[in-house]
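Student: below: sequence and its predicted model.
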Amino acid sequence: MLGSASADRAAASLPDPAAAPPWGSSVPPVYDVLFTHIEDNTPSGPLGSPQSRQNYLVHRNALLAMGTLAQSYEVPWSLQPDWKILRAALLYEDSAMTANTGGKNFLRFLREDLGVVIDPHSHENGGYNYTDVAHLLDSLGVGGTTVIGGHIWDPALPQFQEWDRYRVPVAGLQFPWAEWRGDVLMGSGTPGHVNDPLVSGVWRPRDRDHYFEDEETGNIVAVGQWRGLLSGASELHQLYVDGTVPQALMLTCSEHINPSKLIAPGGLAALEDTLIAPLAALRAEGIVELTDFTSLIDTWRTNFGSVGFVYDPETVTGVELASGEDVGDPRDPRRARGADPLPHAWLEACGPNPTSGRVEMRYQVRVGAAFRITILDAAGREVVRVRERVEAPGSHTVDWEAGDLPSGAYYVAIAEVAPGLTGARMSHGQPRAGAIKILLLR
């Protein structure tokens, strides 16, 4: 489903299909952004205290190492800090500390020497708003972008950040003489990221009550985050391949690298093996184009004619095993905080869809284990067990014949089989986001 209210207008303004595509192949890449937020509780402790300085050094060293790693793979990486680490930089970056960064504060070194893009990020707590953060970045010599690095988008929530204020310049709270206007929204989130919208694409939100409707005259652009870059980007790329999304419309994806992963022992090496190197491989295959948010919008205007588009698959969340354990979305990197950040297996595609009976299911296994593939009805009940066996890492396919099942909507799900668990069911009568919906038409 193409979930944009502007889909009809977009179709009328698509670039000439006979023209050579600017991306140089018949299928465009998915435009992906890798970024890290530094929250307003970092560094820990009161500014000026020994604890604060020590924690600042830990994060400083980790961010420099991440910038070096990203540069070694030529993978763009965006750093989006909140106010506290910026005040700490102004306080702590003396000649002794900057000896290993060429006499520059570490943020300047990241941007000027390692090619890191630095955008403002703000929860607008503690008396600081986005303009204050942008002003602090200017003070450190790394200002200039107009990216609103994350916000609460839903006006029904008390934490709503009134993104539409930035249609005009906004004065700072700590620095009321400073003005700033953001015009690129990323990370349209919810408190705690527990119910973030699953969308991809670029659009200009009509207003706060019609956020996912494109308004061609709007002066703020939003970027859909989708889900984790590896499985998410491949999933979106398939939408181009199978014709679900026209190739003249931009699809987007992003992934947050939590700083806790960067400072953990062995965290950077694990990140290289599980994310950075695989992303570089996807780029080499032409599946993704790695970028930053500002450059992404420039590409959207140049190569995609500024056509606003939101891809919304109308996924719903929540799968529980029969034991009542919520296994979540297997492709959601948040499901394994503190553990392996990537799924052990995920569905890639099911087709033809709609089908009159036969469906080929393609899935990827990253870590060998026992997996179960099931067909679930709209109420989340298992109706067919397609396959259950131990799988080796790699790509796999299985064919399924619908037999005498009646016409209707069904869901294909894959789950790792744990000892003692029998069957799977959907919580609240809803299929999870990781399941793929198929239509059986007799």
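Tutor: Yep, it's here. From a predicted model like this one, the values you see are computed outputs, not experimental measurements. Residues are numbered from 1 along each chain as shown.
Student: check the protein and tell me which residue is nearest its centre.
Tutor: When C-alpha atoms, centre = their mean is applied to the chain, the residue found nearest the centroid is S254 (3.0 Å).
Student: that one: what secondary structure?
Tutor: Here S254 is recorded as strand under DSSP: H, G, I helix; E, B strand; the rest coil.
Student: same question for N61.
Tutor: With three-state DSSP as the criterion, N61 reads helix.
Student: how near is it to I263?
Tutor: Taking C-beta to C-beta, to the nearest Å as the measure, N61 falls 8 Å from I263. Placement of C-beta: from N, CA and C, glycine included.
Student: domains of this structure?
Tutor: Using automatic domain parsing, the domains assigned to the chain come out as 7-11+23-311, 319-440.
Student: returning to what we had before: does the residue nearest to the centre of the chain touch R227 like I think?
Tutor: No: S254 is beyond contact range of R227, at 9.2 Å (criterion: C-beta atoms under 8 Å).
Student: what is the burial count for P265?
Tutor: By the other C-beta atoms under 10 Å criterion, the neighbourhood of P265 contains 7 residues.
Student: cool, the one 3 residues further on as well?
Tutor: Residue crowding around L268 was assessed by other C-beta under 10 Å; the count is 18.
Student: next one: V194
Tutor: 9.
Student: next: the one 5 residues further on.
Tutor: Neighbour count for V199, taken as other C-beta under 10 Å: 21.
Student: same check, this time on D154
Tutor: Neighbour tally, D154, other C-beta under 10 Å: 17.
Student: what pLDDT does it get?
Tutor: As predicted, D154 sits at a pLDDT of 89.
Student: do W177 as well
Tutor: For W177, pLDDT reads 96.
Student: before we move on, what about W400?
Tutor: 93.
Student: check D138 too.
Tutor: Note on D138: pLDDT of 97.
Student: that one falls within a strand, correct?
Tutor: No: counting by three-state DSSP, D138 falls outside a strand, being helix.
Student: who's in contact with it?
Tutor: G144, A178 (C-beta atoms under 8 Å, 6 or more residues apart in numbering).
Student: for V33, see how far away it is.
Tutor: Taken as C-beta to C-beta, the span from D138 to V33 is 23 Å.
Student: kindly report the same for G201.
Tutor: With C-beta to C-beta as the criterion, G201 and V33 are 13 Å apart.
Student: what do the two both touch?
Tutor: T252.
Student: this protein: helices as residue ranges?
Tutor: Under the criterion DSSP state H, the chain contains helices at 7-12, 50-72, 83-92, 106-114, 130-139, 229-241, 259-263, 267-271, 277-284, 293-303.
Student: return the most buried member of those helices.
Tutor: Across those, the average number of neighbours (mean count of other C-beta atoms under 10 Å) peaks for helix 130-139, which reaches a mean of 24.
Student: quick one, it and helix 106-114 angle?
Tutor: For helix 130-139 against helix 106-114, the angle by axes from the mean of the first three to the mean of the last three C-alpha atoms, to 10 degrees is 60 degrees.
Student: show me the contacts for V75.
Tutor: L34, I276, L279, A280, R283, L290.
Student: now render the helices of the chain as JSON lines, adding distance to H344.
Tutor: Below are the helices of the chain laid out as JSON lines (distance: least, C-beta to C-beta, whole Å):
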{"stretch": "helix 7-12", "distance to H344": "36"}
{"stretch": "helix 50-72", "distance to H344": "25"}
{"stretch": "helix 83-92", "distance to H344": "35"}
{"stretch": "helix 106-114", "distance to H344": "33"}
{"stretch": "helix 130-139", "distance to H344": "38"}
{"stretch": "helix 229-241", "distance to H344": "11"}
{"stretch": "helix 259-263", "distance to H344": "19"}
{"stretch": "helix 267-271", "distance to H344": "16"}
{"stretch": "helix 277-284", "distance to H344": "15"}
{"stretch": "helix 293-303", "distance to H344": "30"}
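Student: quick check: which of these is nearest to S122?
Tutor: S122 lies closest, by C-beta to C-beta, to one member of the helices of the chain: helix 130-139, at 4.7 Å.
Student: F160: neighbour count?
Tutor: F160: 13 surrounding residues under other C-beta under 10 Å.
Student: now it: closest residue in space that isn't a chain neighbour?
Tutor: Nearest non-adjacent residue to F160, counting by C-beta to C-beta, 6 or more residues apart in numbering: I152, 5.3 Å away.
Student: look up how far N353 lies from the one you found.
Tutor: Taken as C-beta to C-beta, the span from I152 to N353 is 35 Å.
Student: higher neighbour count, those two?
Tutor: Comparing I152 with N353 by other C-beta under 10 Å, the one with more neighbours is I152, at 19 against 16.
Student: beta partners for the more buried one?
Tutor: Using DSSP bridges, the beta-bridge partners of I152 come out as G189.
Student: who's in contact with it?
Tutor: Taking C-beta under 8 Å, 6+ apart, one finds Q159, F160, Q161, G189, T190, P191 in contact with I152.
Student: and these as TSV, adding pLDDT and distance to P76?
Tutor: Shown next, in TSV, are these (pLDDT from 0 to 100; distance: C-beta to C-beta, whole Å):
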residue	pLDDT	distance to P76
Q159	89	29
F160	90	30
Q161	92	26
G189	86	21
T190	84	26
P191	82	28
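Student: in a markdown table, list the residues you listed along with distance to E215.
Tutor: What follows is the contacts of I152, written out as a markdown table (distance: C-beta to C-beta, whole Å):
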| residue | distance to E215 |
| --- | --- |
| Q159 | 24 |
| F160 | 19 |
| Q161 | 19 |
| G189 | 21 |
| T190 | 23 |
| P191 | 26 |
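Student: list buried residues within those.
Tutor: Among these, the ones that count as buried by 16 or more other C-beta atoms under 10 Å are Q161, G189.
Student: of the contacts of I152, just say which sits nearest to D132.
Tutor: Q161 (13.8 Å).
Student: shouldn't that closest one be in contact with E124?
Tutor: Yes: using C-beta under 8 Å, Q161 is in contact with E124, at 6.0 Å.
Student: for the stretch 201-350 of the chain, which spans come out with low pLDDT?
Tutor: Low-confidence segments of the stretch 201-350 of the chain (pLDDT under 70): 314-343.
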